[in-house]
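Asks: build the 3D model from these lines:
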Amino acid sequence: MKFHLLIFLFSTLASPNFSRNNGDEVLGIWQTDDGKAKIEIYKESDKYFGKIVWLKEPKNEKGEIKRDKENPDETLRSRTIMGINLVKDFTFDGDDRWEGGKIYDPENGKTYSCDMKIRKGKLQVRGYIGLTMLGRTVVWTRSQL
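Replies: You can find the predicted model right below:
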């Protein structure tokens, strides 16, 4: 009996569909690697998104609220940086990775393909163009608002 239980537990843990993470581990507030912003990762249906909820410097050098002035869509250039969905449309792959999403960089107005994974309690965010090796990884840390 003990032998069968051991076999069952081993086969369950070794199964490719088994994950310690149901995908919601990524939910919460994360501080960017440069400390300039905090992003709240949230879930809608089966997709994960992240919006800017805090900025270290919410105003520009003129004392005005920062706006999305680099956006290629002229109609969006007047929106404030605070509240922008920075990451969007991620799905959890069942193996501690969130894939198929996009990340927007308000500093240059560009959107990149993106994947995320949590390693040692840190969120590794990799933005890329085309192939994942043509990109850059930043590491966000869990934070409070």
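Asks: quick one: residue 126 and residue 132 touch, right?
Replies: Yes. The criterion here is C-beta atoms under 8 Å, and residue 126 meets it with residue 132 at 6.4 Å. C-beta: built from backbone N, CA, C; applies to glycine.
Asks: neighbour count: these two, which is higher?
Replies: Neighbour count, other C-beta atoms under 10 Å: between residue 126 and residue 132, residue 126 has more, with 17 against 14.
Asks: end to end, how far does stretch 87-103 reach?
Replies: Start and end residues of stretch 87-103 are separated by 4 Å (C-alpha to C-alpha, to the nearest Å).
Asks: circling back: okay, and the common contacts of residue 126 and residue 132?
Replies: Common neighbours of residue 126 and residue 132 (criterion: C-beta atoms under 8 Å, 6 or more residues apart in numbering): residue 115.
Asks: show me what contacts the residue lying closest to residue 22 once chain neighbours are set aside?
Replies: Distances taken as C-beta to C-beta, 6 or more residues apart in numbering place residue 92 nearest to residue 22, at 7.7 Å, with adjacent residues excluded. Residue 92 is in contact with 21-23, 26, 46, 48, 98, counting by C-beta under 8 Å, 6+ apart.
Asks: go again using 10 Å as the cut-off
Replies: Listed by C-beta atoms under 10 Å, 6 or more residues apart in numbering, the contact set of residue 92 reads 19, 21-26, 43, 46-48, 98-100, 116.
Asks: hey, what's it bridged with?
Replies: Under DSSP bridges, the beta-bridge partners of residue 92 are residue 98.
Asks: do residue 30 as well
Replies: Under the criterion used (DSSP bridges), residue 30 bridges to residue 39, residue 142.
Asks: from what I see, it and residue 42 are in contact.
Replies: No. Contact criterion C-beta atoms under 10 Å: residue 30 and residue 42 do not qualify, at 11.5 Å.
Asks: neighbour-wise, which of the two wins?
Replies: Just comparing residue 30 and residue 42: by other C-beta under 10 Å the higher neighbour count belongs to residue 30, 25 against 16.
Asks: among the contacts of residue 92, which one sits closest to residue 145?
Replies: Nearest to residue 145 among the contacts of residue 92, counting by C-beta to C-beta, is residue 26 at 16.5 Å.
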